[in-house]
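Peer 1: Just to be clear, the model below is a prediction. Sequence and coordinates:
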Amino acid sequence: MDDAAFWHRLQFAFTITYHYLFPQLTMGLAWFLVYWKWRALRAGDERCAAAARFWAKIFGLTFAVGVVTGIPMEFQFGTNWSGFAKYAGGVVGQTLAMEGMFAFMLESAFVGALVWGEERLGPRMHFLAALGVAIGSWLSAYFILVTNAFMQHPVGHTVHGSGVLVIQDLAAYLLNEWALIQFAHNQAAALVTGTFAVTAVGAFYALRGEHTRQASMYLRHGTAVGLVATVLVAFPTGDAQAKIVAKYQEPALAAMEGRFETGPMAEITLIGQPNVKERRLDNPIRLPGLLSFLAYGTFHADVRGLDAFPQETWPTNIELLYYAFHVMAGLGTIFIGLMALSVLQRLRGQLESGRPLLWALMLAFPFPFIANTAGWITAELGRQPWLVYGLYRTDQGYSTVVSSGDVLFTLIGMAGMYFVLGLLYLYLIGREVAHGPDAIQPSPYGESAEAKGTIG
Amino acid sequence: MLTMFVVLDGWDIGAGALHFLVAKNDPERRQVIAAIGPLWSWHEVWLVAAGGTFVLAFPELMAVSFSGFYLALWMVLWSFVLRGISIEVGGHINDSLWRSGWDFVFAASNVLLAILFGTALGNVIRGVPIDGSGMFSMSLFTDFTARGRVGILDWYTLSVAVFATVLLSAHGATYLRLKTVGPVHERSVRLARLLWSVTPALFVVVSVETSVVRPELFQAMFQRPLAWISVVVIGAAVWALATGLRGRAESRAFAGSCGVIAGLLAGAGASLFPVVLHSTLSPEHSMTAYSGATAERGLRTALFWWPVAVALALTYFFVIMRIYSGKVRPSQDTQGY
């Protein structure tokens, strides 16, 4: 109990992991909504309009949970990580404030209009509302990722006389190489979450034989975007991400692959368990040379193992880091296979009749959430033991005036509340899916359909 | 920015706190929630944006105050979560028990938020026990005196909390008066009059108490131009409010209500300046805006983009107000709430 840093970390990890389950879905769905609204506006496609109405309800619910779970995050910098807020607030505060001012304002200004305002706004404005929400949510992600990128690879700052960081070059900070690559990788992954959700609902209706026209459209659009997105996650964005980790966070790369010794022709490990005590990988199945190639572009490059670094700069939880990375990479590969197969079947005209594949698509939707979470665990554990890489250690950053018991108390409280919130969310989403897209009137929820022009 | 949040979200909170008083049955309660439904997340945005700006401008102040108020702040966060859920979830299922339950959560979390904000303001004015290390941590209450080793709650902060709750409720009633028709409207009219007539009395009480707890604040007030401006704003706002409440000028009354709250906050801020967090233990441990502010460079950098962002935000604000202008009627047009 006296390891306060551990409880602070666990609390932040829990709240942010839970929070990010929701934005990844809204960011993924946002562009589907834009596309369907655009089709409805341009081609008068009633099927697309109905799809947008249905998914806007799911979007709205997800967005709301994202907002309520997101608000605590910002406060936690002050409540739980006051050392960090003092040390780096002058730098990371820039993007946190920008996120609120530029992105979140735009998003939440128009999300209400997107979900409830179709009749009042008219088709053109309603399309613009969808566009505003999509741009806002992606912009939001960019600012948050710049903040994270600063912690991963600090640039654009200078150390002030009193020992705290101040911003030196705003452009360098905003255009951090790490942020650009991470943004591409992360947004492609969010798109995967969105496409898997659309495809899964399509497969569900197809299997039940309801809403068949909607179902076939979800399957068509979902798998097409899904194939592109799953490939983008791996290449070029995932590849670039791995290279930048190899460039700036060598110990993290070594730990991700469970590599304890330095040497050329470094293998990638498909299966194996890191045994940190004995400093080796148990029962490994490996492909030689590939890690050298992926990280440095040639099979013969030396990849330094953990033995090349002093132990106090090793990531603090090598096992979890290793598993998280392998879960992410493994799932990413399976996603590409699944989407490629689905697109192939669709081209052969057999996607909607092949029940095994529909079952797989329906049951696949949770896995992008797992892969995204595992990816973030990889990124954040790889950063350890640093809070700001190379500058500031995690165990310097937490609030020393807050005892571990208090943190545990709020963590349990938060866990309980989020559990209830999760149940409610799943229940309500389940209801929407059960009602289906065909029952919705242009002004949703039926009871308001006759009241025109008085939405207050 | 913080003022903007309090003014905007204040009407949600106030309307929510009055939920059971103005709305006696289910359609009426739906009507109240529909009046704020599409707007709440947009109002909370100001809190998020203010929070971000806070990190940027006063990292040290944020670090000290947020960790010091640790448990109280988590109560605020939980209330926010509960309020958000109750708005979004309550109307999704057409069942009277389900709805009543969420209506209760909605009202309770809003009352709690009003009280907590008032308490927070009281703490900032009274000061907190910052010691030589520059940090503080306090218990929920100690001996209820407002000196030395104070707790979050004492007679002073509690009375500020009561004042804030009444003030925000009055604000909420004024908003509902503007936004609704029918029985809810009638009750809002009566409540707005009642609450706004109680408010000045409470204000006098709180002012007298403040002069006991922090006598130097009133002297400081006379030397600061911003404090004078805020007095003028409050004066004009009170006039608008009084005439607006008597007649049928609902928008004017609402504008006045916003003005009163903004003016009061600005006045309090101006008299506190340059001390941002007063130490009840010893004045030299107090935190000033200069020691709390980040090195100038950060703020100067922010000044490049900040005005642009504010201009954009205000544009959205007017677009939204246009979209959601007009009254909310009972039982129809509740937009899913």
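Peer 2: Yep, it's here. Since we're looking at a predicted model, the values are computed, not measured.
Peer 1: which stretches of the chain form strands?
Peer 2: Reading this off chain A. Assigned by DSSP state E, chain A shows strands spanning A:157-159, A:165-167, A:268-275, A:280-287, A:386-388, A:392-393.
Peer 1: meant chain B actually
Peer 2: Assignment of strands within chain B using DSSP E yields the ranges B:275-277, B:287-288.
Peer 1: those helices in chain B, which residues are they?
Peer 2: Ranges of helices within chain B are B:2-17, B:19-22, B:26-36, B:40-57, B:59-68, B:70-90, B:96-126, B:155-179, B:183-213, B:215-222, B:225-246, B:250-272, B:289-292, B:296-323, based on DSSP state H.
Peer 1: Can you get me a residue count around the nearest residue to residue A:369 once chain neighbours are set aside?
Peer 2: Sequence neighbours aside, residue A:21 is the residue nearest to residue A:369 in space, at 5.7 Å (criterion: CB to CB, 6 or more residues apart in numbering or on different chains). Any C-beta I mention is one placed from the backbone N, CA and C, and that applies to glycine too. Residues lying near residue A:21 (other CB atoms under 10 Å in any protein chain shown) number 19.
Peer 1: Then residue A:136?
Peer 2: Using other CB under 10 Å, residue A:136 has 22 neighbouring residues.
Peer 1: What of residue B:216?
Peer 2: Quick note: residue B:216 (other CB under 10 Å) scores 12 neighbours.
Peer 1: From chain B, how far out is residue A:167?
Peer 2: 5 Å (CB to the nearest CB, to the nearest Å).
Peer 1: what about residue B:122, neighbour count?
Peer 2: 27.
Peer 1: check contacts around it.
Peer 2: Contact partners of residue B:122, counting by CB atoms under 8 Å, 6 or more residues apart in numbering or on different chains, are B:156, B:157, B:158, B:159, B:160, B:161.
Peer 1: do the same with residue A:287
Peer 2: By CB under 8 Å, 6+ apart, the neighbours of residue A:287 are A:267, A:268, A:270.
Peer 1: Tell me which stretches of the stretch 301-450 of chain A form helices.
Peer 2: A:318-347, A:355-363, A:366-383, A:394-397, A:404-435 (DSSP state H, counting those that start in this stretch).
Peer 1: which of those is buried the deepest?
Peer 2: Ranked by mean neighbour count, those are led by helix A:366-383 with a mean of 21 (mean count of other CB atoms under 10 Å in any protein chain shown).
Peer 1: is it possible to export the helices of the stretch 301-450 of chain A to TSV including mean pLDDT and distance to residue A:284?
Peer 2: Below are the helices of the stretch 301-450 of chain A laid out as TSV (pLDDT from 0 to 100; distance: least, CB to CB, whole Å):
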stretch	mean pLDDT	distance to residue A:284
helix A:318-347	93	11
helix A:355-363	94	29
helix A:366-383	94	19
helix A:394-397	86	30
helix A:404-435	90	36
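Peer 1: count of residues packed around the residue of the stretch 201-350 of chain A found nearest chain B?
Peer 2: Nearest to chain B, among the residues of the stretch 201-350 of chain A, is residue A:201, at 18.2 Å (CB to the nearest CB). When neighbours are defined as other CB under 10 Å, residue A:201 has 27 of them.
Peer 1: so it touches residue A:219, yeah?
Peer 2: No. The criterion here is CB atoms under 8 Å, and residue A:201 misses it with residue A:219 at 9.4 Å.
Peer 1: ok, back up a step: in TSV: the helices of chain B, plus distance to residue A:90 and mean pLDDT.
Peer 2: Listed next are these as TSV, based on distance: least, CB to CB, whole Å; pLDDT from 0 to 100:
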stretch	distance to residue A:90	mean pLDDT
helix B:2-17	19	51
helix B:19-22	41	51
helix B:26-36	36	61
helix B:40-57	7	65
helix B:59-68	6	76
helix B:70-90	22	80
helix B:96-126	22	80
helix B:155-179	31	79
helix B:183-213	33	77
helix B:215-222	28	70
helix B:225-246	25	75
helix B:250-272	22	73
helix B:289-292	12	56
helix B:296-323	4	71
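Peer 1: now these in a markdown table, with distance to residue A:40?
Peer 2: Listed next are the helices of chain B as a markdown table, based on distance: least, CB to CB, whole Å:
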| stretch | distance to residue A:40 |
| --- | --- |
| helix B:2-17 | 32 |
| helix B:19-22 | 37 |
| helix B:26-36 | 26 |
| helix B:40-57 | 25 |
| helix B:59-68 | 45 |
| helix B:70-90 | 25 |
| helix B:96-126 | 33 |
| helix B:155-179 | 31 |
| helix B:183-213 | 36 |
| helix B:215-222 | 58 |
| helix B:225-246 | 43 |
| helix B:250-272 | 36 |
| helix B:289-292 | 51 |
| helix B:296-323 | 20 |
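Peer 1: right, and those helices - which one's nearest residue A:313?
Peer 2: Between residue A:313 and the helices of chain B, the tightest spacing by CB to CB is seen for helix B:59-68, at 26.4 Å.
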